[in-house]
Structure formats: structure tokens, C-alpha cells
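Enquirer: Got a predicted model here, sequence first, then my questions.
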Protein chains: 2
Amino acid sequence: MSAAGGAPTPVSALAPALPLPRTAPRPEPPVRSPRATEIVEAAQRLLETEGAESLTMRRLGEVLGIRAPSLYKHLPGKPAVETALIETALWGIGDALHRVVDAAGPGDVVGRLLAEYRRFALARPNLYRLVAADPIGRADLTPGLEGWSGEPFYRATAEPYVAQALWAAAHGTVTLELSDRFLPGSDLDRTWAALARAFTAHAGD
Amino acid sequence: MSAAGGAPTPVSALAPALPLPRTAPRPEPPVRSPRATEIVEAAQRLLETEGAESLTMRRLGEVLGIRAPSLYKHLPGKPAVETALIETALWGIGDALHRVVDAAGPGDVVGRLLAEYRRFALARPNLYRLVAADPIGRADLTPGLEGWSGEPFYRATAEPYVAQALWAAAHGTVTLELSDRFLPGSDLDRTWAALARAFTAHAGD
DNA sequence: CCCCCTGGGCTAACAGTGTTAGCTACGGAT
DNA sequence: ATCCGTAGCTAACACTGTTAGCCCAGGGGG
């Protein structure tokens, strides 16, 4: 991800930019062989239905009617599978968030952005957890993808560092909600509302 | 962790509470045998100096001049080691944050709280990453520890849901900073400043 | 003094992980 | 008809956490 816009956006821009412009174009998905695509799709199904600890090369081969070592004829290894899954997640989040900002009705873009971010993650908990799991082979990710998928936060806040903070806050909140780390009995709707309020209330300062 | 105070604090309290009260007492650390304590300390050193992937039972035994299976005479397994490390981290964070709130000079408690949270995590990156790594054997944690260690956020905001949101935001930002997930070239000081501003500016609304 | 028993080490082993090497069968191109 | 790449296979390696079972030193009770 990484909010704060793509390459052409100068980081120091305190921009007015009310029409919520797009700056970075949607990056091109990488070309994969048909079989490799099948494998990645099977991996996604496996991850969502059985959880991360079931996403093993042997198990993945099994659901494909294949032995584990044969997977290496199509993909270089397990990190590649995970990277592919992370990428589909980033494309999904990016598309969903850009859509929200595109349909910018009158007020509270931030609130709707946060709601959509939350909705997406809760709908695919295991996928989001995978994205959140630290290391992420930055170098192997499609260039520009992280920036593009975080860009809606910039479009909504029009200030790069507020955008980064908002993105990080959303990420943290959703992570904790997925891990069930908030005090039991908390009304998470109100937590999200408090977060939206913090980033909305004081438009000019 | 988990902000929003301990048991006696009614969640609905929109409290005035300006003297920044403490609600939950500091929980008692669990009693461990001397040898078990040695092992946990060695694990912490190992984690910080060599990283999470080196924190293996065989390697841990090695630095203690012991074979891996012997560790099981003192601790029930690797999850127990990790839980112990997580607990020391939570105690550390809790102590540091409570100290900040105790020394409450005039303004910007939130800013100083965030700064301390960040400082702590960056000083022990691998330890913090371990805490952030999802599953956390909630049941095996010292009761009340999570609530107590997040309580300073409540003391600083005096509203449980704002506290949760602030804590989550801090967690997310520090996680992304540790994983180097922000756009390269970003001035993270400004991101943190933007976060503090969001949770400070509008005191009353 | 001897016995017993417990604490804390050991080796061997198991099941599981990602991954590599080397073999083989099929299918399309020359 | 021959070649060769594609895509499967088995065997194996090095690693993980973990269990079973053995063994030896030290201390207390008869």
C-alpha cells in the first residue's frame, strides 16, 4: 500500500485540489502462465477457506491434484505465491477505495473511505492478515501498486502526511479488529467512528 | 494491550476526569522458576540480536549450552516462550506510557504519548513485531495486562473509544514504520505529527 | 549405609515444513 | 521419425516443534 500518492505528486504539496484528482495510473497486473494463475486462485481459495496455516505447498498441490514439487514448475516458491495473493488484495483494496472517492457525494469522504477499508478487510480476513504480515518482498511487488492502492487516502485528505497517518490508522484498527485484540465487549463501530471524527472535524488548521 | 481501561471503568463514561486518573493496578508478573527466567531472558537477547527467524528451540538451547528438548523441562513449549516475551514487552510499554502520563506537564499529552510509543517500538523492533504478530494466546496472558498497558491512552483522552482509536492508530503507524512500508523518502516525523494533530486539535466536540 | 526419587540433562525419533535433483512421459515442431 | 520442452513424479535434504525414554547427580528417609 503506502498512501501519499504516486511518483508525480510532490510530497511537499499542501495542495488545494478539491476535485479529488487521480495522479497515479492503475498499474498493469503481471502476466502469468494459465497454470500459474490457476495455482494462485487455488491458493486464494485455500487461504480464505482454511486459514493461513493450511496454505502449505503440499496442501496446495493436493487441492490441485498435484504433488508439491510440481508447483515449482510454475512458480519459483512459496513467497511468490504469497506475493501474488498480496497483490490481488492490494488491487482489490485499491479498486474499492478509488471507487468510493470517485463517487464523492457531498460530505464525509473520510468516513466512507474508512468504512470501505474495514468492510473489505473483514470480508477477507485471512487475505488481509497475509498483507499485514510484516516482511513483504517489496522488490517483487508490481511497481507502483502500493502507491496506487493507498492513493485514495491522499485524494480524500489532500495532504500527503495526513493521508499516511490516516492510512496507518485504518491499517492498525483493522489489524487489531481482525486479531480480536480490542477489549471484549467493545462496540467497534464507535471506535471507527472516533477515528473518522479525528480525521474529519478540523478541516482547516 | 487494548486501550479503554480496566474493569471498573464504565465504557459509556464520557468522563470529565481531568486529573488523569489511574484505574487499573499494575498486574503481578507471573512467578517462574529461576532457570525458566534465564531461558526467557536468553530468548529476548536472541530475538533482539538475531531476529525472529533465529528464535528457534534448538538455537535457544544452543546459546544456553543446552539441547532443545531440555527446554521442555522448564517451559511447556515455544508458544510459552513467545508469550513470556510478549508480556515483558507489554510491561515495558505500559510502564513507559504511564510514566509519560504521570509526568503530565501542561499541553499535548497525546503528542508525547505517541512519541514514547514510537520510541519504545523502534528501540526493540523485533520484540514489537512479535507482539504485533497476530494470534497472541489471549488466554495465557496475565489477566489485566493488556488493559493496563493500554490504559495511558484512556488517561490521555478521557474517552474510551477515542482511546481505542488512538491506540490502534499508533499501533498501525509503528507497525508500518517497522516494516518499512511507507513510501521511500517519507519524513515519518511529519506523519506522526499529523497523527498527533488529528487527535489533539478539536478538544471539544 | 543404602535406597529411592526427583530434577535436569541427554539421544533418538516423528511428523511436518520448504525446496532441489533427477527421472519420465506426453505432445508439438522440425 | 526424431527432437525437445512441458509438466508431472519420487527421493531426498535440511530445517522446524515436540515426545519418549534413558541416565546420572544430589538429597532425604529408613
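Expert: That came through, no problem.

Enquirer: can we go C-alpha only for contacts and neighbour counts from here?
Expert: Fine.

Enquirer: tell me the mean pLDDT for the one helix or strand A:Phe153 maps to?
Expert: Per DSSP states H and E, A:Phe153 falls inside helix A:145-157. For helix A:145-157, mean pLDDT rounds to 93.

Enquirer: Likewise for stretch A:130-140?
Expert: Mean pLDDT, stretch A:130-140: 77.

Enquirer: downstream neighbour of the helix holding A:Phe153 in the secondary structure list?
Expert: Remark: after helix A:145-157, the chain's next helix or strand is helix A:160-178, criterion DSSP H and E.

Enquirer: ok, that next one near chain B or not?
Expert: Yes: Helix A:160-178 reaches chain B (CA under 8 Å from any CA of the partner chain) through A:161-162, A:164-166, A:168-173, A:175-176.

Enquirer: from those residues, which would you call buried?
Expert: Using 16 or more other CA atoms under 10 Å in any protein chain shown as the burial test, the residues of helix A:160-178 next to chain B include A:161-162, A:164-166, A:168-173, A:175-176 as buried.

Enquirer: Serialize the residues you listed to a markdown table and add fields for pLDDT.
Expert: Converted to a markdown table, those look like this (pLDDT from 0 to 100):
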| residue | pLDDT |
| --- | --- |
| A:Tyr161 | 96 |
| A:Val162 | 96 |
| A:Gln164 | 96 |
| A:Ala165 | 98 |
| A:Leu166 | 98 |
| A:Ala168 | 97 |
| A:Ala169 | 98 |
| A:Ala170 | 98 |
| A:His171 | 96 |
| A:Gly172 | 96 |
| A:Thr173 | 97 |
| A:Thr175 | 94 |
| A:Leu176 | 93 |
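
Enquirer: separation between A:Val63 and chain B?
Expert: Distance, A:Val63 to chain B, by CA to the nearest CA, to the nearest Å: 26 Å.

Enquirer: Distance check, that residue against A:Pro76.
Expert: Between A:Val63 and A:Pro76 the computed distance is 19 Å (CA to CA, to the nearest Å).

Enquirer: higher neighbour count, those two?
Expert: Shown here are A:Val63 and A:Pro76; by other CA atoms under 10 Å in any protein chain shown, A:Val63 has more neighbours (14 against 10).

Enquirer: Phi first, then psi, for the residue sitting nearest the centre point of chain A.
Expert: In chain A, the centroid-proximal residue (CA atoms, centre = their mean) is A:Leu90; its distance is 4.1 Å. A:Leu90 adopts backbone torsions of phi -60, psi -40, taken as degrees, to the nearest 10.

Enquirer: tell me the contacts of the residue of chain A most remote from its centre?
Expert: Here chain A reaches farthest from its C-alpha mean at A:Arg67, the gap being 31.3 Å by CA atoms, centre = their mean. Shown in contact with A:Arg67 (CA atoms under 8 Å, 6 or more residues apart in numbering or on different chains): A:58, A:61.

Enquirer: relative to helix A:160-178, how tilted is the helix holding A:Phe153?
Expert: In terms of direction (axes from the mean of the first three to the mean of the last three CA atoms, to 10 degrees), helix A:145-157 departs from helix A:160-178 by 110 degrees.

Enquirer: which secondary structure elements does helix A:145-157 contact?
Expert: In terms of contacts (3 or more CA pairs under 8 Å, 6 or more residues apart in numbering or on different chains; DSSP states H and E), helix A:145-157 is packed against helix A:78-102, helix A:109-123, helix A:160-178.

Enquirer: Tell me if I'm right that A:Phe182 and A:Thr175 touch.
Expert: No: with contact defined as CA atoms under 8 Å, A:Phe182 does not count as touching A:Thr175 (10.3 Å).

Enquirer: for DNA strand D, what are the nearby residues on chain A?
Expert: Contacts of chain A with DNA strand D, taken as CA under 7 Å from any atom of the strand, map to A:35, A:65-71, A:73-74.

Enquirer: And the buried ones among those, selectable in PyMOL?
Expert: In PyMOL, this line selects whichever of those come out buried by 16+ other CA under 10 Å:
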select buried, chain A and resi 71
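
Enquirer: Could you pull up the residues touching the residue nearest to A:Ala84 when sequence neighbours are not counted?
Expert: Excluding its sequence neighbours, the residue lying closest to A:Ala84 (CA to CA, 6 or more residues apart in numbering or on different chains) is A:Val40, at 6.8 Å. By CA under 8 Å, 6+ apart, A:Val40 lies in contact with A:81, A:84-85.

Enquirer: And A:Leu60, by the same measure?
Expert: The contact partners of A:Leu60, taken as CA under 8 Å, 6+ apart, are A:39, A:42-43, A:46, A:68.

Enquirer: Chain B next: which of those are close?
Expert: Taking CA under 8 Å from any CA as the test, chain B is in contact with none of the contacts of A:Leu60.

Enquirer: returning to what we had before: quick check, nearest of the buried ones among the residues of helix A:160-178 next to chain B to DNA strand C?
Expert: For those, the residue nearest DNA strand C by CA to the nearest atom of the strand is A:Thr175; the value is 23.1 Å.

Enquirer: State the distance from the closest residue to A:Glu177 other than its chain neighbours to A:Leu176.
Expert: Closest residue to A:Glu177 apart from its sequence neighbours, by CA to CA, 6+ apart: A:Leu188 at 7.9 Å. Going from A:Leu188 to A:Leu176 by CA to CA gives 10 Å.

Enquirer: Okay, the nearest residue to A:Leu122 once chain neighbours are set aside and DNA strand D: tell me how far apart.
Expert: Closest residue in space to A:Leu122, ignoring its immediate chain neighbours: A:Leu178 at 7.1 Å, by CA to CA, 6+ apart. Distance, A:Leu178 to DNA strand D, using CA to the nearest atom of the strand, to the nearest Å: 24 Å.
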